[in-house]
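Novice: kindly return the folded structure for what I paste below:
(2 chains)
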2 protein chains.
Amino acid sequence: MNVVFLSIGNEILAGDTVNTNVSWLGKMLTELGCHIQAQITVPDKHNSIQEALDSIMKNNPDLIITTGGLGPTEDDITRQVIFEYIGTDYEFDEQYWNKLKQRFERFGFDIPESNRSQALVPIEGKVIPNSVGSARGFQFKVDSTDLIILPGVPAEMKSMMRESVIPYVQSQGVSTPNIKLLRTTGIPESVLIEKIQPATDKEHHCTIGYYPSYHGVDIRLTSKTQEDLTILSNEISNILGHLIYTTGKIDIADVIVRLAVKKSTTIATAESCTGGLIGHRITEVSGSSKAFLGGVIAYNNDVKQLGLGIQPSTLQNFGAVSAETAEEMAKNILSKFQADYGLSVTGIAGPTGGTKEKPVGLVYIGLACKGNIKVKKLQFGDHRSRNKLRSSQSALNILRMALIDA
Amino acid sequence: MNVVFLSIGNEILAGDTVNTNVSWLGKMLTELGCHIQAQITVPDKHNSIQEALDSIMKNNPDLIITTGGLGPTEDDITRQVIFEYIGTDYEFDEQYWNKLKQRFERFGFDIPESNRSQALVPIEGKVIPNSVGSARGFQFKVDSTDLIILPGVPAEMKSMMRESVIPYVQSQGVSTPNIKLLRTTGIPESVLIEKIQPATDKEHHCTIGYYPSYHGVDIRLTSKTQEDLTILSNEISNILGHLIYTTGKIDIADVIVRLAVKKSTTIATAESCTGGLIGHRITEVSGSSKAFLGGVIAYNNDVKQLGLGIQPSTLQNFGAVSAETAEEMAKNILSKFQADYGLSVTGIAGPTGGTKEKPVGLVYIGLACKGNIKVKKLQFGDHRSRNKLRSSQSALNILRMALIDA
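Specialist: The predicted structure is shown next:
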């Protein structure tokens, strides 16, 4: 099924909004087996929308999805332009208008007159319900092309896709490709590719995509048959082992919470340069309170003493960014919070504050568990935010490996 | 100056990459006074690129910027397609090839043969240098349209825009609009709009844009004359006062660090439901170590006692999510870390864990300073991640207001 997306909105072109709708739709429909031919963004202008539709229709796609321009304000002209493009009359849906009125009243507002446009329905075509907002969508047939009109608010667009459009696309008999995601961390892309060559050099009938980010490298395998996919995916998994932290669309923090809950262990953190990011990432996971006790953000050296009981002599002799401090931080948070695992990070996030001996990006990670303590030294770059992210990812990965072995 | 963006890349259409290039370019060029007419994404396919260029050229824009497809792999066909579209011959740039070779050698690699394509230069047109990567860009004239070809890697594209394209656009005599950004927090969009009506109802010759997010509502004023802009901006500022936290493109955490450093005060945090997010946001700011001492992430109730010394009776009588606990958290972190300000947050992030009396989204924020303690109660929704973000924003705003008064 060939698909084209038409995004409508001045705010996208002026860069005030990042068009995440398009990437969400692209991912969703590609995974359903659709082929995305093109994507166009035009302003909220009558001619621009019409010309874009004309030019898209020249290639006869099976499906066009437009997003945006269904709100109640004067700028929102998509509804009107599309009714005209289709050549359909429309009528006022009194019942829906009363429903909208009631919804506004429930929140203590009078409904503005401008919302009346959202109660207009075309004579031809179908209405697509919106269970989370007031802008309903529409579906038309133009020659053999399905034209689907959705609002631009991401939460509304997504819910309407899930409830109406995706079931419709599936009913059209697209052949869903077999996909397997392998998320890795702690290994650079080039080294990873070389490492799995014994598997990828063979004939495997799969498409392999590599997607590096500061979280690691995701490998995505796509294949026409489940069998081909399983063979290759198993071979790669055998080579990479625990370098793969999940085959689901989840964060490493999610993996850790699941592992820790399963093994009934508890975690506490002592963060310096990451400043709370590790705690933040773990607590993004619903249910993390079962495993995560809390932590100390020991940013300042005095706080390393006051909050974590780090010996002044350790700080004096080795410095705040040292293996010795990381070790004491991990050990002390474990005993202080009576946790099973104590995870610590200390480093120089940058962009300033480095020396010749201890450059920006130098990070020590400590992990304490039942009298055992490990410390790892890492060297990142000079970008503050990225250093924090990469430090948190490395620390979480060290904790994950320990939880697997527990 | 009318501009069209052409993004080239399968990964964008399949949703593997969010097209942040387009929003960056849109923002940059709109602020320079350009008008973005449209944006198109096509796959790395000969016909698709050519057809898109033909259809864009029909509207005779002043400038077309393409991004993507200049890498060294087989998929990267933009260079070849564009040379053909222009009808220009090309030659191999031996000098650049040697430079590339040396760069690879410095990092300990042999340069792959596939990189040779990056040393091709057209006879017609100009080369746009790339100071951060190997893919150089090109600039051509097609009738009266400037056609600019850039790589898709964001860091490379941005540096080439800054070093070459933006100076060129500015030299073409576009009239830069006057822009003023007013970032507000703590007031809903509709209330904000009503509140500033005395200013906006007058004739003001400005364009007003409202951009709501979970951080608050940004107001962007644009005008042809600086005078008109100053009048309206002053009137709105007089009405809103400290509801505006900055007129710069910075986060509220940045504002707090600047204020605290200026007033030589120190900050410590006691976070429960935000799990470290407040510490993370403050430590994203370079130089935050001058004001931020650290904090305790007291997620678990035992840790609230062990790490913060909260009285068991407080937890028993009022619960972990209560004004009393928030108060004690703020007071205790202040004295424990010897800070000037103690900021605390306790709440139910959700999506589960609520009761009838204490529903999901209930949050208490405490701020202690020199014996003074204030607690604020807030009620958010049932989305975990959003509740954490909104809680952190509210807490930071309470701290900001206190720092202003200090």
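
Novice: what's the longest helix along chain A packed up against?
Specialist: Counting residues, the longest helix in chain A under DSSP state H turns out to be helix A:384-405. If contacts are counted by 3 or more CB pairs under 8 Å, 6 or more residues apart in numbering or on different chains; DSSP states H and E, helix A:384-405 sits against helix A:252-262, helix A:277-283, strand A:341-347, strand A:362-369, strand A:372-379. (C-beta placed from N, C-alpha, C; glycine too.)

Novice: mind saving the C-alpha coords of the next helix or strand after the longest one as PDB?
Specialist: Spelled out, that is helix A:252-262. In the C-terminal direction, the helix or strand that comes right after helix A:252-262 (DSSP states H and E) is strand A:267-271. Extracted as PDB, the C-alpha positions of strand A:267-271 are listed here (Å, rounded to 0.1, in the frame of the first residue of the first chain):
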ATOM      1  CA  ILE A 267      18.700  -0.100  44.300                       C
ATOM      2  CA  ALA A 268      20.000   3.200  45.600                       C
ATOM      3  CA  THR A 269      22.000   5.800  43.700                       C
ATOM      4  CA  ALA A 270      24.800   8.300  44.500                       C
ATOM      5  CA  GLU A 271      25.000  10.800  41.600                       C
END
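
Novice: all strands of the stretch 201-350 of chain A, in order?
Specialist: A:206-213, A:216-223, A:244-246, A:267-271, A:292-298, A:341-347 (DSSP state E, counting those that start in this stretch).

Novice: export the ones you listed to JSON lines and tack on distance to chain B and mean pLDDT?
Specialist: Shown next, in JSON lines, are the strands of the stretch 201-350 of chain A (distance: least, CB to the nearest CB, whole Å; pLDDT from 0 to 100):
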{"stretch": "strand A:206-213", "distance to chain B": "6", "mean pLDDT": "84"}
{"stretch": "strand A:216-223", "distance to chain B": "8", "mean pLDDT": "90"}
{"stretch": "strand A:244-246", "distance to chain B": "18", "mean pLDDT": "98"}
{"stretch": "strand A:267-271", "distance to chain B": "7", "mean pLDDT": "98"}
{"stretch": "strand A:292-298", "distance to chain B": "4", "mean pLDDT": "98"}
{"stretch": "strand A:341-347", "distance to chain B": "12", "mean pLDDT": "98"}
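
Novice: distance to residue B:292 and mean neighbour count added to those, as TSV?
Specialist: Rendered in TSV, the data for the strands of the stretch 201-350 of chain A read as follows (distance: least, CB to CB, whole Å; neighbours: other CB atoms under 10 Å in any protein chain shown):
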stretch	distance to residue B:292	mean neighbour count
strand A:206-213	28	15
strand A:216-223	29	20
strand A:244-246	31	21
strand A:267-271	12	32
strand A:292-298	8	31
strand A:341-347	15	28
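
Novice: in JSON lines: the ones you listed, plus distance to residue B:184.
Specialist: Below are the strands of the stretch 201-350 of chain A laid out as JSON lines (distance: least, CB to CB, whole Å):
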{"stretch": "strand A:206-213", "distance to residue B:184": "33"}
{"stretch": "strand A:216-223", "distance to residue B:184": "38"}
{"stretch": "strand A:244-246", "distance to residue B:184": "40"}
{"stretch": "strand A:267-271", "distance to residue B:184": "31"}
{"stretch": "strand A:292-298", "distance to residue B:184": "28"}
{"stretch": "strand A:341-347", "distance to residue B:184": "35"}
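
Novice: contacting residues for the residue of the stretch 301-406 of chain A found nearest chain B?
Specialist: Using CB to the nearest CB, the closest approach of the stretch 301-406 of chain A to chain B is made by residue A:303 at 3.9 Å. Neighbouring residues of residue A:303 by CB atoms under 8 Å, 6 or more residues apart in numbering or on different chains: A:296-297, B:268, B:293-294, B:337.
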